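**Student:** got a predicted structure here, sequence first:
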Amino acid sequence: AQSVTQLGSHVSVSEGALVLLRCNYSSSVPPYLFWYVQYPNQGLQLLLKYTSAATLVKGINGFEAEFKKSETSFHLTKPSAHMSDAAEYFCAVEGAQKLVFGQGTRLTINP
Amino acid sequence: NAGVMQNPRHLVRRRGQEARLRCSPMKGHSHVYWYRQLPEEGLKFMVYLQKENIIDESGMPKERFSAEFPKEGPSILRIQQVVRGDSAAYFCASSPPLRSGYTFGSGTRLTVV
């Protein structure tokens, strides 16, 4: 069965600093991996997805993620945080025809 | 091209009442998924449906919860005799038959008083 672990339920960075949100996955088949963002009281918006093409995936809002099979990781990064990046971020793996989500990481941006 | 439409956005029910949540998938999407998000928690899979078929209901509570996706009309998630523990955000997603195309709705926030 597929599963996802997000390391750190809360991450706080300063505006302009590097954002790094960690995600490790477990999958018995080559995985499809996703990052979603959720702003308060809103739905989920797709940031980016990995579907076995390039291992470095670029998404919206300046985010990117790198698929590392040897580390079973799919960490999300952004070089310079902006106040508007404050939100909840979810990593997900596709398994058995459905998405399996991690617990989420709440990102706080300090001015 | 409208996205996944969920209604209502907010729903308040008294304990013991029924809640009906609706989801209209994106045009061309034939697969519908329901997820529940409890306060301060991630999204938990509930059920996966195709037109007139329940494919996977492994995440559905055994009692009071049911889901359908009829040939015509939206998918419905039905919660009978609601309890306070049912208070949550319920999200619907849809996808085309091929992988990697999940689109989420804005959710229905159910409050049981």
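**Tutor:** Nice, thanks for sending it over.
**Student:** how about the residue nearest to A:Ser3 when sequence neighbours are not counted, what does it touch?
**Tutor:** Spatial nearest neighbour of A:Ser3, excluding adjacent residues (Cβ to Cβ, 6 or more residues apart in numbering or on different chains): A:Ser26 at 4.6 Å. In this view, the C-beta of every residue, glycine as well, is placed from N, C-alpha and C. Neighbour list for A:Ser26: A:1-5, A:72, A:93 [criterion: Cβ atoms under 8 Å, 6 or more residues apart in numbering or on different chains].
**Student:** also A:Val4?
**Tutor:** By Cβ under 8 Å, 6+ apart, the contact list for A:Val4 reads A:23-26, A:91-93, A:100-102.
**Student:** now do the phi/psi pair for it.
**Tutor:** Dihedral pair for A:Val4: phi -140, psi 140, per degrees, to the nearest 10.
**Student:** now A:Leu56
**Tutor:** A:Leu56 adopts backbone torsions of phi -100, psi 120, taken as degrees, to the nearest 10.
**Student:** ok, and the closest non-adjacent residue to it?
**Tutor:** Leaving aside its chain neighbours, A:Leu56 sits nearest to A:Glu66 (5.1 Å; criterion: Cβ to Cβ, 6+ apart).
**Student:** tell me which strands the host helix or strand of that neighbour pairs with, and in which orientation.
**Tutor:** In the assignment (DSSP states H and E), A:Glu66 maps to strand A:64-68. As defined by DSSP bridges, the strand partners of strand A:64-68 come to strand A:56-58 (antiparallel), strand A:73-78 (antiparallel).
**Student:** ok, so of the contacts of A:Val4, who is nearest chain B?
**Tutor:** Chain B lies nearest to A:Phe101 out of these, by Cβ to the nearest Cβ, at 4.5 Å.
**Student:** B:Arg68 reaches B:Ile76, doesn't it?
**Tutor:** For residue B:68 the amino acid is Glu, not Arg. Yes. Using Cβ atoms under 8 Å, B:Glu68 makes contact with B:Ile76 at a distance of 5.3 Å.
**Student:** if we can go back for a sec, dump the contacts of A:Val4 to CSV, plus secondary structure and pLDDT.
**Tutor:** Listed next are those as CSV, based on DSSP: H, G, I helix; E, B strand; the rest coil; pLDDT from 0 to 100:
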residue, secondary structure, pLDDT
A:Cys23, strand, 97
A:Asn24, strand, 97
A:Tyr25, strand, 95
A:Ser26, strand, 93
A:Cys91, strand, 96
A:Ala92, strand, 95
A:Val93, strand, 93
A:Val100, strand, 92
A:Phe101, strand, 94
A:Gly102, coil, 93
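**Student:** flag every residue of chain A that's near chain B.
**Tutor:** A:32, A:34, A:36, A:41-46, A:49, A:51, A:90, A:94, A:96-104 (Cβ under 8 Å from any Cβ of the partner chain).
**Student:** could I get the full set of strands for chain B?
**Tutor:** Assigned by DSSP state E, the strands in chain B fall at B:5-7, B:10-13, B:19-24, B:31-37, B:43-50, B:53-56, B:65-68, B:75-79, B:88-95, B:103-104, B:108-112.
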